[in-house]
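1. Here is the input, now give the coordinates:
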Amino acid sequence: MPRKQQFSAKQKKQQLQEKRKRKQNQPYRFGQDEGEPEQQQEEEGGGPDDNVDEQRMNIQPVGTAHDRVNKYALVFGGESKEELETSKRKSREPLKPHNEELLTSHIEMFTIPDSQLGMPRRGRWSYAMGKDKLEKQEQTEFREWIKRLDEFYAGLGRASYYERNLETWRQLWRTLEMSDVILFVCDVRYPTLHFSHPVYKYISEELEKPVILVLNKIDMVNPAVSVSWKRYFESSYPGLRVVLFSSRPDRQRVVENTGKRLLKRDIVRKQGWAYGADSLIQLAKVWYEDRVAKDLPTPTTADHTPKKEEGEEGEESFVTVGMIGQPNAGKSSLINGLLQDKKVSVSRTPGHTKHFQTIFYSADIRLCDCPGLVFPTTAPKQLQIVSGMFPVSQVREPYSIVQYVAERLDLVTYLRVEPPDEDEPWSAWYICYAWAEKHGFTTARTGRADVYRGANSILRLVVEGRLCLRLVPPNYTNTPIVGGYLELLSDLMKFATKEEEEEDEEESFSDDEEDSSEGDEADVTSGGNAFSLLTQLDD
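-> The predicted structure follows:
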């Protein structure tokens, strides 16, 4: 028998580090446990990710072979090296003059024509089915849905981000099944991107449940934009009730971008009164009571939900209000606003809520918070990133996204950057370079301007709302606000803050701030008269 070679503690440590690194870089496969061998998945036929590169977000270190810490990680389709290189080359091309007409949007612009591709359906099931049989059925149907959706994007010639993790979709299915009323939460800055027509059609027609559209974060845009979107959705979807909501009505903005300064960073304070909370809860209760009075299907009687077997608990005596939407739409913040206290954890990082959670608003109302899902859409990836669906820290090529923003906002004026070379025309890469030079972002070894960090900083300004990029409905400037919408606009203007213009202050950045609030700390917006907007409308 050959003599065993010596194996030092240093070699053992290196071996464990390499093993851990291989696990973290291992591609995710649907329904696969952390310790499940990859060979077993290949024998079962693999999945649609065999030909598509995937990115997993918010990955946590794996301790043991059976850990499930990354069960609910965000999973998106990745980009090839050729696509990244092409985007980098385009970002160095001279910028076109910014055109605010590109911010006009409507529902059909980002909607997938086939409603069956807009959302994976959960197959019929019963309590008599075993766990293994049910999971295998869901995995098979989900893989087929992914395959058909990838074929659609291949024919379209471009792809968008969408959730490819079955476990996250299961959280949505469970939330829809247990809820009596559905709140579709959307960021008012990008409502046509956040609102999914196929999902709404599935809930209202197939599940036959009432849907309330909540336009959240109205304090981050001009009140006229919020009211115009409310009017647009109510006219496009008769019977759909739209509620404007804000957890911070005391920070309502009158102006969006002054053209001279960035908007001041919002300081997180103790949760207080929220605008739209009372009307939202009252509307949910009235709709449910009317539904019961008309003897319409409820979650315990509808055909899509299996009936409980004998011996199990009967119908609940409370209303369950489910909240669904895209990542970073503000679902958890909405719950904290309704309860006027911080009951659930919130974060700017997409995918912070891992699984659905329930909390009682009162004895007869239960709130259900569903994790954010990126629904399939035809929207460009650049818009999805600046809207907060994709973690900025995970962006591999940020320059093309800055170019997307620069074509719609005058970044050179807002950021107040000076060209290092006057003969060089402005490009997206050049703006990032000038921003890095202005704030002293340099690389560690060579001391050159860290252009990547500069681009990352600009994207954070947009995601945080300090650079107010927002979409507007068709004919926004040409359609006057009249009737009840004008009264609503006057009501919102009462909460508008009048901020005094302050002197510029330059504050340095620290690496600790980069995770959640990296940006230009110094600039402050000038407020203006709270009733100036009403005067413009009358003219």
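
2. Number of residues surrounding residue 185?
-> Residue 185: 27 surrounding residues under other C-beta atoms under 10 Å. Bear in mind the C-beta positions are built from the backbone N, C-alpha and C, glycine included.

3. show me the contacts for residue 100.
-> Neighbouring residues of residue 100 by C-beta atoms under 8 Å, 6 or more residues apart in numbering: residue 408.

4. Show the pLDDT at it.
-> Per-residue pLDDT puts residue 100 at 81.

5. and what of residue 130?
-> On the pLDDT scale, residue 130 is placed at 83.

6. can you check residue 343 too?
-> pLDDT, residue 343: 74.

7. Wait, it touches residue 334, no?
-> No. The criterion here is C-beta atoms under 8 Å, and residue 343 misses it with residue 334 at 11.3 Å.

8. Give the residue from these two that has the larger number of neighbours.
-> Between residue 343 and residue 334, counted using other C-beta under 10 Å, the more crowded position is residue 334 (28 against 17).

9. Now that that one has come up, it's in contact with residue 184, right?
-> No. Between residue 334 and residue 184 there is no contact under C-beta under 8 Å: 11.4 Å.

10. which residues do these two both contact?
-> Residues touching both residue 334 and residue 184 (C-beta under 8 Å, 6+ apart): residue 214.

11. remind me which residues of the stretch 301-450 of the chain are low pLDDT?
-> Residues of the stretch 301-450 of the chain meeting the criterion pLDDT under 70: 301-316, 345, 347-355.

12. likewise the stretch 151-300 of the chain?
-> Along the stretch 151-300 of the chain, the parts satisfying pLDDT under 70 run over 249-273, 288, 290-300.

13. can you give me the strands for it?
-> For the stretch 151-300 of the chain, strands defined by DSSP state E, counting those that start in this stretch occupy the ranges 181-187, 211-216, 241-244.

14. of all those strands, which gets the most neighbours per residue?
-> Counting by mean count of other C-beta atoms under 10 Å, strand 181-187 has the highest mean neighbour count of those, with a mean of 25.

15. so what's residue 287 up against?
-> For residue 287, counting by C-beta under 8 Å, 6+ apart, the contacting residues are 181, 210, 212, 241.

16. how does it look with 6 Å?
-> Taking C-beta atoms under 6 Å, 6 or more residues apart in numbering, we find residue 287 in contact with 181, 210.

17. again with residue 9
-> Going by C-beta under 6 Å, 6+ apart, residue 9 touches no other residue.

18. How much space separates it from residue 18?
-> 15 Å (C-beta to C-beta, to the nearest Å).

19. again with residue 144
-> 36 Å.

20. Ok, residue 229 next?
-> From residue 229 across to residue 18, the span is 52 Å (C-beta to C-beta).

21. Same question for stretch 137-156: list its buried residues.
-> 138, 139, 142, 143, 145, 146, 149, 150, 152, 153 (16 or more other C-beta atoms under 10 Å).

22. Which secondary structure element is home to the third one?
-> Right, residue 142. Residue 142 is part of helix 131-156, with elements assigned from DSSP states H and E.

23. burial of residue 435, as a residue count?
-> Neighbours around residue 435, by other C-beta under 10 Å: 24.

24. ugh, wrong one, residue 339
-> For residue 339, the neighbour count with other C-beta under 10 Å is 18.

25. Report the spatially nearest residue to it, omitting neighbours in sequence.
-> Distances taken as C-beta to C-beta, 6 or more residues apart in numbering place residue 361 nearest to residue 339, at 6.6 Å, with adjacent residues excluded.

26. On the three-state scheme, that neighbour is what?
-> Secondary structure state of residue 361, per DSSP: H, G, I helix; E, B strand; the rest coil, is strand.

27. I'd say it and residue 343 touch.
-> No. Counting by C-beta atoms under 6 Å, residue 343 is not a contact partner of residue 361; they are 9.8 Å apart.

28. what's the neighbour count on the nearest residue to residue 223 once chain neighbours are set aside?
-> Excluding the flanking residues, the one nearest residue 223 by C-beta to C-beta, 6+ apart is residue 492, at 3.8 Å. Counted with other C-beta under 10 Å, the neighbours of residue 492 add up to 22.

29. avg pLDDT for the helix or strand containing residue 492?
-> For residue 492, the host element (DSSP H and E) is helix 484-493. The average pLDDT within helix 484-493 is 87.

30. ok, now stretch 17-34?
-> Taken as a whole, stretch 17-34 carries a mean pLDDT of 58.

31. Could you number the chain from 40 rather than 1 from now on?
-> All set: I'll call the first residue 40, so the last point we hit is now stretch 56-73.

32. what's near enough to touch residue 424?
-> Residues near residue 424 by C-beta under 6 Å, 6+ apart: residue 440.
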